[in-house]
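Chemist: what follows is a predicted protein model with its sequence.
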Amino acid sequence: MNKIKKGLGRGLSSLIGETKIEQTTNKLSISDLYPNKFQPRKIFDEDSLNDLEKSIKQRGIIQPIIVRKSDESSKYEIIAGERRWLAAQKAGLHEVPVVVTEADDLKSLEFAIVENVQRNDLNPLEEAQGYQRLINDFSYDQEKVSKFIGKSRSYITNCLRILTLPGDVLDLIETKKITAGHAKILVGLQNASFVAQKIIEKKLSVRQSENFVKIFKKKKGFFTKSNDPNIQNLERSISDKIGLNVSIKNNKKNKGTITFGYHDIDQLNKIIDIIKSNY
């Protein structure tokens, strides 16, 4: 057994660090391998897989798949190279070259994240979820994630903020209907779902989206935010529905006011039309 030395940069080999790794490349049956349970990538681009399949048919698998022995069976878990494994199946291969290493769960997750991030294979949601898993399951903080991945602390912070978006918006990111640039604009908006749909409907660029959301962002002190979570949920629900800022003030006797914010004549007319059409 050889040991790969540290200090080789932020590639996969440096991640192995002092981990023991087999000296030779072995070949294993495709059926003896199974996906990394920590794989952050949920969606594999079909066109990219087809291109890799053609390459494998012509030249074979040049870079071995990195695997670790399973604790529960005689099979091997893929640490890095799941895309190659999938393409090899499409190409009709029965065996693939592998390198077996000893890696714990943390190292396995680190491998999966670095491989995908360095190759830009992750959408922003998958990337954020990978970082969040390091924080939740392995006691990383944002500073440690930053140093590990080789990106700035502010990059990691902004990346993780994407996870605060509503579930339907996260689905749009995962299916690549909106980009990372769009997602960053939506973070912090109360009516993010509404704006996201408008971005898709109008096919807005990131710059156009930035201009579009300006009319929805609250001016400082424009509304007094209620402390009642039920009122907050109601405000958010109405705001998402109509795409305008909403404030509800309700006293103990259930009397109060509801305020709609508008920034131009078109928004005012929209409020008037909503009221007229329902009363």
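Modeler: All right, it came through fine. Numbers count the residues shown, from 1 in each chain.

Chemist: quick check: what element follows the strand or helix carrying Ile200 along the chain?
Modeler: If you go by DSSP states H and E, Ile200 is part of helix 192-202. For helix 192-202, the following helix or strand on the C-terminal side (DSSP H and E) is helix 206-213.

Chemist: where do the strands sit along the stretch 1-150 of the chain?
Modeler: Taking DSSP state E, counting those that start in this stretch to define them, one finds strands in the stretch 1-150 of the chain at 2-3, 20-21, 26-29, 33-34, 65-69, 76-80, 95-100.

Chemist: as a markdown table, these with distance to Gly167, mean neighbour count and mean pLDDT would be great.
Modeler: In short, each C-beta sits where N, CA and C put it, glycine included. Formatted as a markdown table, those follow (distance: least, CB to CB, whole Å; neighbours: other CB atoms under 10 Å; pLDDT from 0 to 100):
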| stretch | distance to Gly167 | mean neighbour count | mean pLDDT |
| --- | --- | --- | --- |
| strand 2-3 | 44 | 10 | 38 |
| strand 20-21 | 40 | 14 | 54 |
| strand 26-29 | 39 | 13 | 89 |
| strand 33-34 | 29 | 18 | 92 |
| strand 65-69 | 33 | 22 | 87 |
| strand 76-80 | 29 | 24 | 87 |
| strand 95-100 | 37 | 20 | 90 |
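
Chemist: could you dump those strands to JSON lines with distance to Ser55?
Modeler: Below are the strands of the stretch 1-150 of the chain laid out as JSON lines (distance: least, CB to CB, whole Å):
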{"stretch": "strand 2-3", "distance to Ser55": "29"}
{"stretch": "strand 20-21", "distance to Ser55": "25"}
{"stretch": "strand 26-29", "distance to Ser55": "19"}
{"stretch": "strand 33-34", "distance to Ser55": "19"}
{"stretch": "strand 65-69", "distance to Ser55": "15"}
{"stretch": "strand 76-80", "distance to Ser55": "18"}
{"stretch": "strand 95-100", "distance to Ser55": "14"}
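
Chemist: among these, which is nearest Leu170?
Modeler: strand 76-80 (25.7 Å; CB to CB).

Chemist: so which of the strands of the stretch 1-150 of the chain gets nearest Phe194?
Modeler: strand 76-80 (39.9 Å).

Chemist: what packs against the closest one?
Modeler: For strand 76-80, the packing partners by 3 or more CB pairs under 8 Å, 6 or more residues apart in numbering; DSSP states H and E come out as strand 33-34, strand 65-69, helix 105-118.

Chemist: partner strands of it, parallel or antiparallel?
Modeler: Applying DSSP bridges, strand 76-80 is found paired with strand 33-34 (parallel), strand 65-69 (antiparallel).

Chemist: need the contact partners of the first one.
Modeler: Contact with strand 33-34 is made by 65, 67, 70, 75-78, 85, 96, 98, as judged by CB atoms under 8 Å, 6 or more residues apart in numbering.

Chemist: follow-up on the earlier one: report the rounded mean pLDDT for the helix holding Ile200.
Modeler: Mean per-residue pLDDT for helix 192-202: 90.

Chemist: buried residues in that helix?
Modeler: Of all the residues in helix 192-202, those buried under the rule 16 or more other CB atoms under 10 Å are 192-199.

Chemist: report the angle between that helix and helix 206-213.
Modeler: Relative orientation of helix 192-202 versus helix 206-213 (axes from the mean of the first three to the mean of the last three CA atoms, to 10 degrees): 130 degrees.

Chemist: how far off centre is helix 192-202?
Modeler: 19 Å (CA atoms, centre = their mean, to the nearest Å).

Chemist: and Val99, how far is that from Lys27?
Modeler: 11 Å (CB to CB, to the nearest Å).

Chemist: equivalent analysis for Glu110, please.
Modeler: Counting by CB to CB, the gap from Glu110 to Lys27 is 26 Å.

Chemist: could you do Thr157 as well?
Modeler: For Thr157 relative to Lys27 (CB to CB), the value is 43 Å.

Chemist: try Asn251
Modeler: Separation of Asn251 from Lys27 (CB to CB) stands at 75 Å.

Chemist: wait, what's in contact with Ile274?
Modeler: Ile242.

Chemist: mind telling me what element it is part of?
Modeler: helix 265-278.

Chemist: next one: that helix to chain centre, how far?
Modeler: For helix 265-278, the distance to the chain centre is 37 Å (CA atoms, centre = their mean).

Chemist: many thanks, have a good one.
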